[in-house]
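Asks: sequence unknown, structure follows:
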């Protein structure tokens with residue numbers, strides 16, 4: 001549009017805007033209207049306002065929402081939301097607006113100045129445009145409800161070039177108007193803000209009863225169970241434990257620091273981290289329990305639980321050393337009693353040696369395979385009796401059984417009588 005002539009009122013407005021207030025000016029300011037006073041009060045408290053840049057984006061990969069919140073102290077909070085439901089680009093913009101308002105409300109903000117590059121959303125919230133779609137009306141009602149929790153609320157439209165930071169978070173782009181932080185909060189949003197949850201979520205913050213409770217009650221309040229036997233056990237065990245100021249139970253170790261007693265519900269998590277965590281080496285059950293002790297943890301059944309946990313590890317079972325030896329029946333030992341059963345036999349004749357010795361009398365223990373041998377010139381039953389007495393009875397005690405090949409030297413009446421006198425089965 002063509003400009004009109006510059007009037008002198010422009011110079012007056014310029015001087016009034018940049019000139020310092022005087023006493024006469026203060027008297028004149030008292031004549032301002034109620035609306036001008038409200039604007040002046042809001043501008044004076046501008047430093048207590050929250051600022052928020054919001055943006056929503058829809059592409060082939062899905063729907064994304066980006067938020068950049070600036071607190072009155074100058075702290076910047078950046079957040080990216082990934083929408084897990086189907087929605088249009090305008091609905092994504094509304095999700096960004098409602099998420100930003102909810103976050104500022106939870107952090108105690110009472111005055112907020114929000115910026116969005118969506119003319120539709122800004123026009124509907126400010127009342128300049130009418131929401132005809134049913135879903136848009138639900139979003140608008142939700143936004144108006146959250147707006148009542150703020151003392152001052154302002155939603156301003158900015159061009160897309162002035163909202164690049166929030167846009168970069170919404171699209172997770174690699175560039176931004178300013179450096180992105182190293183950690184950006186990315187969450188999943190599975191239902192619209194206008195949809196109410198079907199149920200109530202209950203979070204358990206207190207662990208159940210465990211073996212540590214009686215010890216803690218005794219060390220903290222000097223309270224014992226009603227059962228006398230259990231009370232005596234608790235009193236004896238309590239000498240090996242120590243309770244810290246924050247009610248944590250520790251066990252006194254013999255040669256190291258105090259060991260933190262672990263609740264039964266947290267033992268599996270510790271074993272999992274030690275066994276197959278970032279520094280896990282898939283050690284055996286005994287080594288796993290010892291490693292937990294060296295790291296300062298203890299519970300009563302840690303060795304048993306470590307053995308059972310290793311047995312359930314899929315990788316340990318899958319890549320364990322395989323035994324390639326074929327299976328077979330076990331061969332029972334004939335004599336589990338050392339030097340109780342001997343086998344006797346005669347070898348020869350060999351070429352004559354010194355003393356005309358040409359036979360070899362041998363005795364072998366069935367269990368240890370120990371060998372006793374003697375060279376002989378003759379192999380009579382008398383020589384067999386001397387061999388048994390000299391090489392077996394006097395060295396290893398009276399045997400239980402003597403076995404032979406039924407030779408005449410071991411089957412004669414004289415040798416059998418000798419064995420019966422000593423109690424030997426021949």
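Replies: Okay, I see it. Worth saying up front: this structure is predicted, and the values here are computed from it rather than measured.
Asks: residue 370: neighbouring residues, count only.
Replies: A count of nearby residues for residue 370, using other Cβ atoms under 10 Å, gives 14. Where C-beta positions appear, they are placed from N, C-alpha and C, glycine not excepted.
Asks: quick one, phi psi at it?
Replies: Torsion angles at residue 370 (phi, psi; degrees, to the nearest 10) stand at phi -70, psi 140.
Asks: correct me if wrong: it contacts residue 342.
Replies: No - between residue 370 and residue 342 there is no contact under Cβ atoms under 8 Å: 9.0 Å.
Asks: okay, and the common contacts of the two?
Replies: residue 364 (Cβ atoms under 8 Å, 6 or more residues apart in numbering).
Asks: now whichever strand or helix holds residue 82: how far from the chain's centre is it?
Replies: Assigned by DSSP states H and E, residue 82 belongs to strand 76-83. Strand 76-83 sits 26 Å away from the centroid of its parent chain (Cα atoms, centre = their mean, to the nearest Å).
Asks: who does the following helix or strand past that strand touch, helix- and strand-wise?
Replies: For strand 76-83, the following helix or strand on the C-terminal side (DSSP H and E) is helix 89-106. With contacts taken as 3 or more Cβ pairs under 8 Å, 6 or more residues apart in numbering; DSSP states H and E, helix 89-106 sits against strand 50-59, strand 62-70, strand 76-83, strand 111-116, helix 119-126, helix 134-147, helix 164-171.
Asks: rerun at 7 Å
Replies: strand 50-59, strand 62-70, strand 76-83, strand 111-116, helix 119-126, helix 134-147 (3 or more Cβ pairs under 7 Å, 6 or more residues apart in numbering; DSSP states H and E).
Asks: show me the one of these that comes nearest residue 393.
Replies: strand 76-83 (90.8 Å; Cβ to Cβ).
Asks: which outside residues touch stretch 245-255?
Replies: 212, 215-216, 220, 240-244, 258-261, 298 (Cβ atoms under 7 Å, 6 or more residues apart in numbering).
Asks: now it, how far from the chain's geometric center?
Replies: Chain-centre distance of stretch 245-255: 23 Å, with Cα atoms, centre = their mean.
Asks: tell me what angle the strand holding residue 82 forms with helix 89-106.
Replies: With axes from the mean of the first three to the mean of the last three Cα atoms, to 10 degrees applied, the angle from strand 76-83 to helix 89-106 works out at 140 degrees.
Asks: direction included, what does strand 76-83 pair against?
Replies: strand 62-70 (antiparallel), strand 185-189 (parallel) (DSSP bridges).
Asks: quick one: buried residues of the first one?
Replies: Of the residues in strand 62-70, those buried by neighbour count under the rule 16 or more other Cβ atoms under 10 Å are 63-69.
Asks: can you give me the angle it makes with strand 50-59?
Replies: 170 degrees.
Asks: starting at the chain centroid, how far to strand 62-70?
Replies: 30 Å.
Asks: any low-confidence regions in the stretch 301-426 of the chain?
Replies: Scanning the stretch 301-426 of the chain for pLDDT under 70 picks out the ranges 331-335.
Asks: gap between stretch 338-351 and the chain center?
Replies: 67 Å.
Asks: where does the stretch 51-200 of the chain dip in pLDDT?
Replies: Using pLDDT under 70, the stretch 51-200 of the chain drops low at 58-62, 163, 166-190, 193-200.
Asks: contacts for stretch 348-360?
Replies: If you take Cβ under 7 Å, 6+ apart as the criterion, stretch 348-360 is touched by 346-347, 373, 375-377, 379.
Asks: let's go with 10 Å and repeat that
Replies: By Cβ atoms under 10 Å, 6 or more residues apart in numbering, the surrounding residues in contact with stretch 348-360 are 345-347, 361, 373-379, 383, 409.
Asks: farthest-separated two in the residues you listed?
Replies: 345 and 377 (17.6 Å).
Asks: three-state assignment of residue 231?
Replies: helix (DSSP: H, G, I helix; E, B strand; the rest coil).
Asks: check contacts around it.
Replies: Counting by Cβ under 10 Å, 6+ apart, residue 231 has contacts 214, 218, 223-225.
Asks: follow-up on the earlier one: now, among the buried residues of strand 62-70, which is nearest to residue 280?
Replies: Closest approach to residue 280 among the buried residues of strand 62-70 (Cβ to Cβ): residue 64, at 35.8 Å.
Asks: check the gap between the closest one and residue 351 for me.
Replies: 103 Å (Cβ to Cβ, to the nearest Å).
Asks: what of residue 267?
Replies: Distance from residue 267 to residue 351, by Cβ to Cβ: 77 Å.
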